[in-house]
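Asker: give me coordinates for this.
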Amino acid sequence: MIHRTISIAAALLFGLPCIAASQTAALSLEDALALARAANPTLQAARYRADAAWERAPQAGALPDLRLALGLMNRRVGDFGSSADPMTKNTVQLMQAFPWPGKLGSSEDRAEHLAQAEQLNAEETERRLIAQVRSVYYRIAYVDRALVIMEETRELLRDFLQVSTAMYTVGSAQQQDVLQAQVSVAQMTEDITVMRQNRVAMAARLNALLGREPTRAIGDLEFDRAAVEVPAVSELMELAAMNRPALLAARERVLAAEAGHTAARRSVYPDFTVMLEYGQRPQFNDLATVMVGISIPIWSGSRNLPDEMQAIQVLEQAKERDLYNETFATLAELRAEAERARSLFDLYGSSILPQARAAVQSALSAYRVGEVDYMTLLANEMTVNRYRIESVRLIAEYQSAVARVEAIVGGSLEGVR
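Answerer: Numbers count the residues shown, from 1 in each chain. Got it, this is the predicted structure:
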């Protein structure tokens, strides 16, 4: 029985697939990521928002629309159709406004920086989505393998029940041992039921991230223990500063605010208007008129546009610094989480689990000869169960932490040292 327990644990840690999910098609991690990139509504919305921002950029640097005016000028009130008066003419006017030099350029620069920020935000959304998919994917894979462990533990508890029943029959055990064995089997069945329902909920979450129906079946999932080593926090921060889309987007918003401040300062300068007019006189020579006008920005001071845009510029700079600090803190937390998971997994595999299995073997032998009670045997077996499940959970936790780190630094950690 103990050899059976050890073989089950070895098979589990080397990727034994989950029985509960084996009836549906397997879903690889790469396929899940491809589905998320193609069909996730949030990511699609971010991409369309970036496209719309790029379409707005040229508009910000375009001249105002040319104005066309047609007129019948200086007509006699009593004889509107008469053209005998030399002042009577039919006119065509074209008017074009020209902002002060630099206004349109600054506005277009601002729009382009904002569009680039939206593009980077879409990339950040994609990286966060990938991290979420990987995290949920590995959590489901962990649940699948935890269910395998729990079902196998339940079978061992049923074996213990048979042993205690046989010993009670010959008078070597108490009836309380039989009852306790029955309770332990029932409790494990309860835990399995709860875990299966958790899998249903997590499968619905994964389907939502993939842009699919929540009730779509999720089959066997990969559970690769191999993972890249997480570099030091300082190196991670260097990568994030160069590659994280959110940090780059924050810098673009700062540049956009600077361009907006420049445009606001130039708003106090006048704009020009050029008008060309052609006057057609039926009984006299035609006339042409050229006029140049200039706006008088006497009310620009009351609008305080430069002060407003300067405040926005300072705001964006503060937000950039805050995001930088938050990125550093998050990377430190995630690296500590990954290192803790890896260290505990190594400890469980090299020390705790072998000792716990040996304790089960010793307790079972002692129970058969009446040297220990059933509760001691049960406690030792549940300890093995707990650490086996915890070992699998730590793999999922490590993979999730690595996924979130890669999302923040803006790329894979493979080959980074």
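Asker: can you give me how far the helix or strand hosting Leu334 is from the chain middle?
Answerer: Assigned by DSSP states H and E, Leu334 belongs to helix 305-347. Offset of helix 305-347 from its chain centre (CA atoms, centre = their mean, to the nearest Å): 15 Å.
Asker: and the next helix or strand after that helix, what's buried?
Answerer: Moving toward the C-terminus from helix 305-347, the next helix or strand (DSSP H and E) is helix 353-368. Residues Leu353, Ala356, Arg357, Ala359, Val360, Gln361, Ser362, Ala363, Leu364, Tyr367 are the ones in helix 353-368 that count as buried (16 or more other CB atoms under 10 Å). No exception for glycine: its C-beta is placed from N, CA and C like everyone else's.
Asker: same check, this time on stretch 175-182
Answerer: Going by neighbour count (16+ other CB under 10 Å), the buried part of stretch 175-182 is Asp177, Val178, Gln180, Ala181.
Asker: ok, for the last one, nearest residue in space, not its chain neighbours?
Answerer: By that I understand Ala181. Nearest non-adjacent residue to Ala181, counting by CB to CB, 6 or more residues apart in numbering: Leu161, 3.9 Å away.
Asker: what sits against that neighbour?
Answerer: Listed by CB atoms under 8 Å, 6 or more residues apart in numbering, the contact set of Leu161 reads Val178, Ala181, Gln182, Ser184, Val185.
Asker: residues contacting the third one?
Answerer: When you say that, I think you mean Gln182. Leu161.
Asker: which pLDDT value goes with it?
Answerer: Listed pLDDT for Gln182 reads 90.
Asker: please renumber so the chain begins at 24
Answerer: Done: numbering now begins at 24, and the last item shifts to Gln205.
Asker: on the three-state scheme, it is what?
Answerer: Following DSSP: H, G, I helix; E, B strand; the rest coil, the label given to Gln205 is helix.
Asker: residue closest to the middle of this protein?
Answerer: Of all residues in the chain, the one closest to the mean position by CA atoms, centre = their mean is Arg151, 2.1 Å from it.
Asker: so the residue nearest to it when sequence neighbours are not counted is in which element?
Answerer: Of all residues not flanking Arg151 in the chain, Ala430 sits nearest, at 5.7 Å (CB to CB, 6+ apart). For Ala430, the host element (DSSP H and E) is helix 397-432.
Asker: count of residues packed around the residue nearest to Met314 when sequence neighbours are not counted?
Answerer: Closest residue in space to Met314, ignoring its immediate chain neighbours: Met298 at 4.3 Å, by CB to CB, 6+ apart. Residues lying near Met298 (other CB atoms under 10 Å) number 15.
Asker: name the element Met298 belongs to?
Answerer: Assigned by DSSP H and E, Met298 belongs to strand 295-303.
Asker: can you list contacts of that strand?
Answerer: By CB under 8 Å, 6+ apart, the list of residues contacting strand 295-303 reads 96, 112-123, 309-318.
Asker: next helix or strand past the helix or strand bottoming out on mean pLDDT in the chain?
Answerer: Taking mean pLDDT, DSSP states H and E as the measure, the helix or strand of the chain with the lowest value is helix 25-36, at a mean of 38. Next helix or strand after helix 25-36 toward the C-terminus (DSSP H and E): helix 52-62.
Asker: mind listing what the strand holding Met298 pairs with, with the direction of each?
Answerer: Strand 295-303 has its sheet partners listed here by DSSP bridges as strand 112-121 (antiparallel), strand 310-317 (antiparallel).
Asker: follow-up on the earlier one: phi and psi next, for the residue nearest to the centre of the chain.
Answerer: Main-chain dihedrals, Arg151, degrees, to the nearest 10: phi -70, psi -40.
Asker: low-confidence stretches in the stretch 224-373 of the chain?
Answerer: In the prediction, the stretch 224-373 of the chain carries residues with pLDDT under 70 at positions 248-250, 323-327.
Asker: the helix holding Ala430 packs against which elements?
Answerer: Applying 3 or more CB pairs under 8 Å, 6 or more residues apart in numbering; DSSP states H and E, we find helix 397-432 packed against helix 25-36, helix 126-192, helix 198-232, helix 256-266, helix 328-370, helix 376-391.
Asker: return the most buried member of these.
Answerer: Mean neighbour count (mean count of other CB atoms under 10 Å) peaks for helix 126-192 among the helices and strands packed on helix 397-432, with a mean of 21.
Asker: mind checking the pLDDT average for it?
Answerer: 91.
Asker: what's the angle from it to helix 198-232?
Answerer: 160 degrees (axes from the mean of the first three to the mean of the last three CA atoms, to 10 degrees).
Asker: okay, now Val115: neighbour count?
Answerer: When counting by other CB under 10 Å, one arrives at 13 neighbours for Val115.
Asker: same deal with Leu436?
Answerer: Here the count is done by other CB under 10 Å, and Leu436 has 19 residues near it.
Asker: contact partners for the closest residue to Lys342 other than its chain neighbours?
Answerer: Excluding the flanking residues, the one nearest Lys342 by CB to CB, 6+ apart is Ala273, at 6.2 Å. Residues in contact with Ala273, defined by CB under 8 Å, 6+ apart, are Ala140, Glu339, Lys342, Glu343, Leu346, Tyr347.
Asker: what about the nearest residue to Thr353 once chain neighbours are set aside, how many residues close to it?
Answerer: Closest residue to Thr353 apart from its sequence neighbours, by CB to CB, 6+ apart: Ile431 at 6.3 Å. Applying other CB under 10 Å, we find 26 residues neighbouring Ile431.
Asker: contacts only, for Ile431.
Answerer: Arg150, Leu259, Ala263, Arg267, Thr350, Thr353, Leu354, Leu357.
Asker: from Glu147, how far off is it?
Answerer: To Glu147, Ile431 is 9 Å away according to CB to CB, to the nearest Å.
Asker: find residues that contact each of the two.
Answerer: Counting by CB under 8 Å, 6+ apart, the residues touching both Ile431 and Glu147 are Arg267.
Asker: present the helices and strands packed on helix 397-432 as a markdown table; the columns should include distance to Trp322.
Answerer: Formatted as a markdown table, the helices and strands packed on helix 397-432 follow (distance: least, CB to CB, whole Å):
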| stretch | distance to Trp322 |
| --- | --- |
| helix 25-36 | 76 |
| helix 126-192 | 17 |
| helix 198-232 | 52 |
| helix 256-266 | 44 |
| helix 328-370 | 11 |
| helix 376-391 | 79 |
